[in-house]
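S.K.: Kindly generate the corresponding structure for this input.
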Amino acid sequence: MAKGKASVEEVLAAIEAARDKVMADEVKSLTKLGIPKAMAYQMIASRFHQKVGNQEEAEPDPFEGGGATTSWEEIG
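M.R.: Numbers count the residues shown, from 1 in each chain. Predicted coordinates:
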């Protein structure tokens, strides 16, 4: 069985399509729980670091690197 090679663009398109489906499923689940659709979109977009509507930039995740970080050596 020969394996075909996929271009970088094809791989990126597949990843984006999968991400979009996951985001849509999560928004659908949140709206079933009674959360307004606009709020659900903002919540999900912030998790996936996406820009929504007039939002300039998603809030930074406090658990991810970036900005002022403290190493474990500094803590201990």
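S.K.: I'd guessed V27 sits against K37; true?
M.R.: Yes. Applying C-beta atoms under 8 Å, one finds V27 in contact with K37, separated by 6.9 Å. For glycine as for every other residue, the C-beta is placed from the backbone atoms N, C-alpha and C.
S.K.: List the residues that contact S7.
M.R.: S7 is in contact with no residue at all, counting by C-beta atoms under 8 Å, 6 or more residues apart in numbering.
S.K.: which residues are in contact with the longest helix along the chain?
M.R.: Taking DSSP state H as the criterion, the chain has its longest helix at helix 8-32. For helix 8-32, contacts defined as C-beta under 8 Å, 6+ apart pick out A6, K37, M39, A40, Y41, M43, I44, A45, F48, Q50.
S.K.: Out of these, which two sit at the greatest distance?
M.R.: Using C-beta to C-beta, the contacts of helix 8-32 span at most 36.8 Å, a distance reached by A6 and M39.
S.K.: From V27, how far out is A18?
M.R.: 15 Å (C-beta to C-beta, to the nearest Å).
S.K.: same question but for P36, I mixed them up
M.R.: Taking C-beta to C-beta, one finds P36 at 11 Å from V27.
S.K.: Give the residues shared as contacts by those two.
M.R.: Joint contacts of P36 and V27 (C-beta under 8 Å, 6+ apart) do not exist.
S.K.: pLDDT weak spots in this structure?
M.R.: Scanning the chain for pLDDT under 70 picks out 1-2, 50-76.
S.K.: ok, 90 please
M.R.: Within the chain, the ranges that satisfy pLDDT under 90 run 1-6, 41-76.
S.K.: Give me the neighbour count for V8.
M.R.: 7 (other C-beta atoms under 10 Å).
S.K.: Distance check, it against L30.
M.R.: 33 Å.
S.K.: And I15, by the same measure?
M.R.: Counting by C-beta to C-beta, the gap from I15 to L30 is 23 Å.
S.K.: more crowded one of the two?
M.R.: Legend: neighbour count by other C-beta under 10 Å for I15 and L30, higher for L30 (17 against 10).
S.K.: if we can go back for a sec, in the longest helix of the chain, what's buried?
M.R.: Buried positions in helix 8-32, judged by neighbour count with 16 or more other C-beta atoms under 10 Å: M23, E26, V27, L30.
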